[in-house]
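S.K.: With the sequence up front, the predicted model follows.
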Amino acid sequence: MNSELAERIRAHGSEGYPNEICGALLGRDDGEIRDVLALFPLQNQREDSPHNRFSITSGDVRRAERSAQEQQLDVLGWYHSHPDHPARPSEFDREHAWPGYSYVILSVAARQPAAMTSWRLFDDRSGYQEETIVIAERVAP
């Protein structure tokens, strides 16, 4: 992903603090590299505990898929924040994740964005493999 997209995730996390924020990662996957080319920010639908949980609806998923399709991209995964917690998947995250997607997690401490990591759930749902995030400088046209 380029530095502008990474900064947009950080800004979204900071603006949403102390609640978790979320959104879709749109881009292309050539089988070896997942290239995030756009974001689709979403509203955290979790009402009972938005400070430590996020929820997206099936309608959110359809809107993200439609946006990706309009841009000739794919939904590669999802991002969300962990306010005042590490950028590591929680047990709740594992229970609600889908195999095949990348999950970017941003740690936000006292409204300040901190570590950002990416994870992919094992097919057997037993845990995650950490993915490397490469932040490329934005190249002017």
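M.R.: Yes, it's here. The shown structure was predicted, so the numbers you read here are calculated from the model rather than taken from an experiment.
S.K.: And Pro41, how close does it get to Arg62?
M.R.: Distance, Pro41 to Arg62, using Cβ to Cβ, to the nearest Å: 16 Å. To be clear about C-beta, it is placed using only N, CA and C from the backbone, and glycine gets the same treatment.
S.K.: of the two, who's got more company?
M.R.: Neighbour count, other Cβ atoms under 10 Å: between Pro41 and Arg62, Pro41 has more, with 16 against 10.
S.K.: Which elements pack onto the strand or helix carrying that one?
M.R.: Pro41 is located in strand 34-42, with elements delineated by DSSP states H and E. Strand 34-42 sits against helix 3-16, strand 22-29, helix 58-70, strand 74-83, with contacts defined as 3 or more Cβ pairs under 8 Å, 6 or more residues apart in numbering; DSSP states H and E.
S.K.: Tell me which of those is the most buried.
M.R.: A comparison of the helices and strands packed on strand 34-42 by mean neighbour count, using mean count of other Cβ atoms under 10 Å, puts strand 74-83 on top with a mean of 23.
S.K.: That one pairs with which strands, parallel or anti?
M.R.: Next to strand 74-83 in the sheet, as set by DSSP bridges, lie strand 22-29 (antiparallel), strand 102-109 (parallel).
S.K.: ok, back up a step: of all the helices and strands packed on strand 34-42, which one is nearest Ala115?
M.R.: Between Ala115 and those, the tightest spacing by Cβ to Cβ is seen for strand 74-83, at 9.3 Å.
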